[in-house]
Every structure is written in C-alpha cells, then in structure tokens.
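Visitor: 3D model of this:
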Amino acid sequence: MDFSFEYTYDSQYFPEQPKELHEKIATTGTHHKKWHLAGRDDLSPEVIAILAQDSDPSIRESIATNHLTPTSVLASLVSQHPDQIPAASIHENAPATLKDVAPIHRQMDGSIYQYLKDKEATEDESVRFRKQRDRLIRQHMNRLKKARQGLSP
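Guide: So this is what the prediction gives:
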C-alpha cells in the first residue's frame, strides 16, 4: 500500500502533493483520498469535473462546496444529482436560478453580489434585497439564540 500521500482524518493540513497525481487519485483513489482531494484549493477544472461525477455523494458534495468549482460544473452536478442542490445553491459560482432556491440567510456576501449582478438588479432592488437578507439573518440568529436558551422559537 502506498502511504506517501496518505491523509489522516485528524490532520489540520494536507500534505503537498504533485498536481500530476490529482487526476489519478480522482479516478482510482480510495474514498478517503478522493474526499480530501475534493476539498483542496489547487484543483484543475478537469479534476473538479471528474470528482463531480463520482458515485459517492459525499465526494460530490465536497465538490459542490469547493470554491473553485465553476458554474458549469455546478449546473451539471445538480441536474444529474438533485440531492446536491442544497450544497450547490449557496456556492458563490452557482447560477442565479440555483440560488433562487437557496435560503437567503445562508448566502455569503460574494454570492449575493454575484446573484444581484446575474439578475441585473437595479440599485434600489439591491438595497431592498440586502435589507431583507439582513432582517432574515437577524431572525434566524434570534431563533438560534432562543433555542440555545431552551425557549421555543
């Protein structure tokens, strides 16, 4: 067994690894190696596309949340695997139609910016949208706070 590029679940940092091995791991690696590979921030678009087609849902979800995953791969991923919609819909690169189904309070600022740009929102629409998002985030945080205190939301 080759341990030269083995990962451990409790490692905080993944070892450096030649990019030439990424495609090999993506196609023939163990679940463990593929899962860690899918979370890396130095993947090529080709390796991302291979991992997006993996039979394991946890590997596909890792690709759905990897910040490098391009819009086209996210769109293809959710069309073939609808179970990945929740993870992919909050991705900054998700198509606007996919973000339409995502909870607004889970969207990050970069994702909101891209969404408004994709929708060609006016300045007034952008301001209203951001205010609504801020209100929903406050409501969500208040529900969490009450739940932690043992109160009903």
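
Visitor: show me what the host helix or strand of residue 117 packs onto, helices and strands only.
Guide: According to DSSP states H and E, residue 117 maps onto helix 109-118. Counting contacts by 3 or more Cβ pairs under 8 Å, 6 or more residues apart in numbering; DSSP states H and E, helix 109-118 is packed against helix 96-99, helix 123-148. Bear in mind the C-beta positions are built from the backbone N, C-alpha and C, glycine included.

Visitor: which of these sits most buried?
Guide: helix 96-99 (a mean of 17; mean count of other Cβ atoms under 10 Å).

Visitor: mind listing what the residue most central in space within the chain touches?
Guide: Nearest residue to the geometric centre of the chain (Cα atoms, centre = their mean): residue 65, 1.6 Å. Residues near residue 65 by Cβ atoms under 8 Å, 6 or more residues apart in numbering: 87-88, 91.

Visitor: and the gap between residue 124 and residue 131?
Guide: To residue 131, residue 124 is 11 Å away according to Cβ to Cβ, to the nearest Å.
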